[in-house]
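Participant: Fold the following and give me the result.
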Amino acid sequence: MNTRRYGRNTNIAIIACLCIFVLSSCEYHDRQHKLTQYEDVKINPQKVYSSEDYFNHGMFNLNNKDYKNSILNFDSAIQLKADYYLAWNGKGLANKKLGKNKEAIKCFAKAIEINPNYQEAWNNKGIALLENKDYNEAIKCFDKALKINTENTVARFNKGVALVKLGKPKEAIKYFDKALKINPNYTEAWFNRGLALRSLGKTAEEMRSYKKAIELKPDYDEALFNSGYTLRNTGKPEDAIAFYDRALKVNPNYYEAWNNKGVALGDLDRITEEIECYDRAISIKPDCFEAWNNKGVALENAGKTEEGMKCFAKTLELKPDMGITWFNIACVHAVKGSKIDMLASLKKSIDLERKNKEHALSSPKFKWFWDDPDFLELVK
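Facilitator: Numbers count the residues shown, from 1 in each chain. Below is the predicted model of the structure:
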């Protein structure tokens, strides 16, 4: 094993695909039969507004990402009508968008206290808890939503997400499948089903799930990206590059796709193109430590060791506990025959990632030290 590239693990996309079940607006229209859409009406201080008026202003703000004013309007609605559970739910959604999950959870809880059968608030509370990594409590909320409405596909989907986070992909797939039975066109469920199947090593089924998601949504960049990730990991870098290119056509600023395309190009020894991809990733996200590490590897493989070491130094500046990078630095010192520097860097890499012991014993970069007692004491 030579110096090591870092392809971003994309299981984090699971959370990115969480659906926030914002049905308060639809429920409001169904019950009140007043507005057909939220109107952009400026608050007139000389006019007397009802709680419903303030709620509609709040929803307009929420839908237009004006979250702070949204909260102000929901608060005005609540001041006039303290048990306005739709406004409490809306305020929770706005707080969640502002990254205030604890406050959002309180608002959803208040909406549920007023109306225990409000399935949307149960679902939204569950999502906020899930994002706080309180997975078991999140599942309890999704179960409450499902008890109220067994056909709630989003609650089923989100419970599947929570189960994945708990390391239960088999159970998660059952919930994704139940959601898909109700709604076969649920693209996020197909996508997350694929991610769960990946963790079980079922590559063929995983790819079929991504394919279905892409059929339903051809510009689904995350599904295209993950298809590429799996193809590269199964020894098909050329096919992987094709999927990364499709993802980048949809989203040219998808820096993870630029990074991983570079990794696949490296597998094909297309080093110049590989480095160009890492440079693109870095130009989009200057603190992308994976791309800095990978650029260092590519430069080292191109014989530009000094430039490569500068990239490794930048990686460690961004992420000091990057075990792969310490290993790569050890490789460079090993090739140079710098035993003391090699052992120091290798020890740091092993302290961070124990598996680097095995890598050092199998990498030809260290072959001149395989019989060295100090080296053997470190790796065995």
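
Participant: Against which helices or strands is the helix or strand where Glu306 lies packed?
Facilitator: Taking DSSP states H and E as the definition, Glu306 sits inside helix 305-318. On a contact count with 3 or more Cβ pairs under 8 Å, 6 or more residues apart in numbering; DSSP states H and E, helix 305-318 meets helix 289-301, helix 323-336. No exception for glycine: its C-beta is placed from N, CA and C like everyone else's.

Participant: Now do that helix, average pLDDT.
Facilitator: What helix 305-318 shows for mean pLDDT is 96.

Participant: For that helix, list every residue counted as buried.
Facilitator: Across helix 305-318, burial judged by 16 or more other Cβ atoms under 10 Å covers Gly308, Met309, Cys311, Phe312, Lys314, Thr315, Leu316.

Participant: Not counting its neighbours along the chain, what's nearest Lys211?
Facilitator: In this structure, Lys211 finds its nearest non-sequential neighbour in Ser227, 7.6 Å apart by Cβ to Cβ, 6 or more residues apart in numbering.

Participant: re earlier: ok, of the buried residues of helix 305-318, which one's closest to Asn95?
Facilitator: Distances from Asn95 to the buried residues of helix 305-318, taken as Cβ to Cβ, are shortest for Thr315 (36.2 Å).

Participant: and Lys81, backbone torsions?
Facilitator: phi -150, psi 90 (degrees, to the nearest 10).

Participant: Now do the same for it: its pLDDT.
Facilitator: We note a pLDDT of 96 for Lys81 in this prediction.

Participant: what's the nearest residue to it once chain neighbours are set aside in contact with, if anything?
Facilitator: Nearest residue to Lys81 in three dimensions, chain neighbours excluded: Ser51, at 3.9 Å (Cβ to Cβ, 6+ apart). Each residue near Ser51 by Cβ atoms under 8 Å, 6 or more residues apart in numbering is listed here: Ser76, Ala77, Ile78, Leu80, Lys81, Tyr84, Ala87.

Participant: sorry, back to before: does the residue nearest to Lys211 lie in a helix or a strand, and which?
Facilitator: Going by DSSP H and E, Ser227 is in helix 221-233.

Participant: Restricting to C-alpha, output that helix in PDB.
Facilitator: Presented in PDB, the C-alpha positions along helix 221-233 are these (Å, rounded to 0.1, in the frame of the first residue of the first chain):
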ATOM      1  CA  ASP A 221     -26.600  15.300  -7.400                       C
ATOM      2  CA  GLU A 222     -26.200  13.300  -4.100                       C
ATOM      3  CA  ALA A 223     -27.500  10.100  -5.700                       C
ATOM      4  CA  LEU A 224     -25.200  10.700  -8.700                       C
ATOM      5  CA  PHE A 225     -22.200  11.400  -6.400                       C
ATOM      6  CA  ASN A 226     -22.900   8.300  -4.200                       C
ATOM      7  CA  SER A 227     -23.100   6.100  -7.300                       C
ATOM      8  CA  GLY A 228     -19.700   7.300  -8.300                       C
ATOM      9  CA  TYR A 229     -18.400   6.700  -4.800                       C
ATOM     10  CA  THR A 230     -19.500   3.100  -4.800                       C
ATOM     11  CA  LEU A 231     -18.300   2.400  -8.400                       C
ATOM     12  CA  ARG A 232     -14.800   3.700  -7.500                       C
ATOM     13  CA  ASN A 233     -14.700   1.500  -4.400                       C
END
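
Participant: Heading C-terminal from that helix, find the next helix or strand.
Facilitator: Downstream of helix 221-233, the first helix or strand assigned by DSSP H and E is helix 237-250.

Participant: in that next one, what counts as buried?
Facilitator: Residues of helix 237-250 classed as buried by neighbour count (16+ other Cβ under 10 Å): Pro237, Asp239, Ala240, Ile241, Ala242, Phe243, Tyr244, Arg246, Ala247, Leu248.

Participant: thinking again about what came up before, comparing the helices and strands packed on helix 305-318, which comes out most buried?
Facilitator: With neighbours taken as mean count of other Cβ atoms under 10 Å, the helices and strands packed on helix 305-318 reach their highest mean count in helix 289-301, at a mean of 26.

Participant: Leu98 touches Lys68, doesn't it?
Facilitator: Yes: counting by Cβ atoms under 8 Å, Lys68 is a contact partner of Leu98 at 7.4 Å.

Participant: in the stretch 1-150 of the chain, which spans are helices?
Facilitator: Ranges of helices in the stretch 1-150 of the chain, per DSSP state H, counting those that start in this stretch, are 13-16, 24-32, 51-63, 67-80, 85-97, 101-114, 119-131, 135-148.

Participant: what's the angle between the fourth one and helix 85-97?
Facilitator: With axes from the mean of the first three to the mean of the last three Cα atoms, to 10 degrees as the criterion, the two stretches helix 67-80 and helix 85-97 enclose an angle of 150 degrees.

Participant: Then the third one?
Facilitator: Here helix 51-63 runs at 20 degrees with respect to helix 85-97, directions being taken by the same axes, to 10 degrees.

Participant: quick one: average pLDDT of helix 51-63?
Facilitator: Here helix 51-63 scores 92 as its mean pLDDT.

Participant: What lies in contact with stretch 249-257?
Facilitator: Stretch 249-257 is contacted from outside by 8, 10, 219-221, 224-225, 228, 244, 247-248, 280-282, 284-285, 288, 291, using Cβ under 8 Å, 6+ apart.
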